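> everything below, folded, please.
(chains A, B and C)
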Amino acid sequence: MNMIANLKTDITPEGPDYETVRKVIELISEDYRDQPSLETISAALNQSPTQLQKTFTRWAGLSPKGFLQAVTLDHAKRLLRQEELPLLETSLEVGLSGPGRLHDLFVTHEAMSPGEWKARGGGLTIRYGFHPSPFGIALVMATDRGLAGLAFADVGQEQPCLEDMTCRWPNAEYIEDSEATQSYATRIFQPGQWSADQPLRVVLIGTDFQVRVWESLLKIPLGRAVTYSDIAQDIGQPTASRAVGAAVGRNPISFVVPCHRALGKNGALTGYHWGLTRKRAMLGWEAGQM
DNA sequence: GAATGTCTCCATG
DNA sequence: CATGGAGACATTC
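Presented below is the predicted three-dimensional model:
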């Protein structure tokens, strides 16, 4: 439990702001029919409209109104439709020089061998730590080869979140070491520190099929989105969209491997392992980074 | 648009 | 070999 005490001293204000933002997004997605005004929302959260506006904008880089805009079906469709650039064919190297990726987080990745996957994490040492993030509490997991896991939890839900992750590689050795994971957290959640010069090292641990799907996800730049069938196409199995969905859902490095940029063919968000609210939050937050 | 129902596909265990 | 899912599509309100 002392991990929670540590949170306060870590990067702020991004951590606490998310609680407010989360409630706003939740409220809006439940009552979207009534088009709740800023006043209604702030009253429900027991805050003044101006204060809410301020918190929200600090978090999102967007006004609540702009954020709402960014999370509508219309906008999602727009993200999907920008087909002028060769999207999934774009290699990381090509992306490096592309102006559209200037503000994206750059990643180099390696995949574990099938043998290593079969060992279910055996022989692997994984260090982990909880850190505040713009999307709630982030669980960061790293091997000496690089970032291996990134998960999210709401306050008080750290334990189930940790189990969700450790179950995936049951034979690994786990060491709580938030000092070791801190630099990853800082790097990932501060767009100012995203740079193409020093890409983030990432290790993909999964089945062959899953790894191919995750590699495909890594090619989606900030401000774009693809459908599950696009990905199926990209990995050469055009009819496997449903299996792709399952694989996307098992992505162990959420956010860094941008599974939130995978949408249904009609632009609907369709699902997210760490909660649809978080998926909305990520898409909205990213809209504010562009 | 949203909600509901049906059909199909394929990785996973 | 059974299973079921973060899909796709059609139909209806």
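> now do the strands in chain A.
A:107-111, A:125-133, A:136-143, A:146-153, A:173-176, A:200-204, A:226-227, A:262-263 (DSSP state E).
> wait, which of those strands is closest to A:G61?
For these, proximity to A:G61 was assessed by C-beta to C-beta; strand A:125-133 is nearest, at 15.1 Å. Every C-beta, even on glycine, is put in place using the N, C-alpha and C of the backbone.
> so that closest one versus strand A:136-143, what angle?
160 degrees (axes from the mean of the first three to the mean of the last three C-alpha atoms, to 10 degrees).
> neighbouring strands for strand A:125-133, and are they parallel or not?
strand A:136-143 (antiparallel), strand A:173-176 (parallel) (DSSP bridges).
> and the contacts of the shortest one?
The contact list for strand A:173-176 (C-beta atoms under 8 Å, 6 or more residues apart in numbering) reads A:3, A:124-129, A:166.
> in that strand, what counts as buried?
Neighbour-count burial for strand A:173-176 flags A:Y174 (criterion: 16 or more other C-beta atoms under 10 Å).
> enumerate the residues of chain A near DNA strand B.
Taking C-beta under 7 Å from any atom of the strand as the contact definition, chain A meets DNA strand B at A:32, A:73-74, A:206-210, A:237, A:239-240, A:242-243, A:246-247, A:268.
> filter those to the buried ones?
For the residues of chain A next to DNA strand B, a neighbour count by 16+ other C-beta under 10 Å gives the buried set as A:206, A:210, A:240, A:243, A:247.
> return the closest of the contacts of strand A:173-176 with respect to A:Q289.
Closest to A:Q289, out of all of those and judged by C-beta to C-beta, is A:G129, at 24.4 Å.
> if we can go back for a sec, distance to A:Q159 and mean pLDDT added to the strands of chain A, as JSON lines?
Listed next are the strands of chain A as JSON lines, based on distance: least, C-beta to C-beta, whole Å; pLDDT from 0 to 100:
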{"stretch": "strand A:107-111", "distance to A:Q159": "28", "mean pLDDT": "93"}
{"stretch": "strand A:125-133", "distance to A:Q159": "10", "mean pLDDT": "96"}
{"stretch": "strand A:136-143", "distance to A:Q159": "10", "mean pLDDT": "96"}
{"stretch": "strand A:146-153", "distance to A:Q159": "8", "mean pLDDT": "96"}
{"stretch": "strand A:173-176", "distance to A:Q159": "12", "mean pLDDT": "97"}
{"stretch": "strand A:200-204", "distance to A:Q159": "24", "mean pLDDT": "94"}
{"stretch": "strand A:226-227", "distance to A:Q159": "34", "mean pLDDT": "94"}
{"stretch": "strand A:262-263", "distance to A:Q159": "28", "mean pLDDT": "96"}
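> mind putting these in JSON lines, distance to A:K219 included?
Shown next, in JSON lines, are the strands of chain A (distance: least, C-beta to C-beta, whole Å):
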{"stretch": "strand A:107-111", "distance to A:K219": "10"}
{"stretch": "strand A:125-133", "distance to A:K219": "23"}
{"stretch": "strand A:136-143", "distance to A:K219": "23"}
{"stretch": "strand A:146-153", "distance to A:K219": "18"}
{"stretch": "strand A:173-176", "distance to A:K219": "31"}
{"stretch": "strand A:200-204", "distance to A:K219": "13"}
{"stretch": "strand A:226-227", "distance to A:K219": "9"}
{"stretch": "strand A:262-263", "distance to A:K219": "12"}
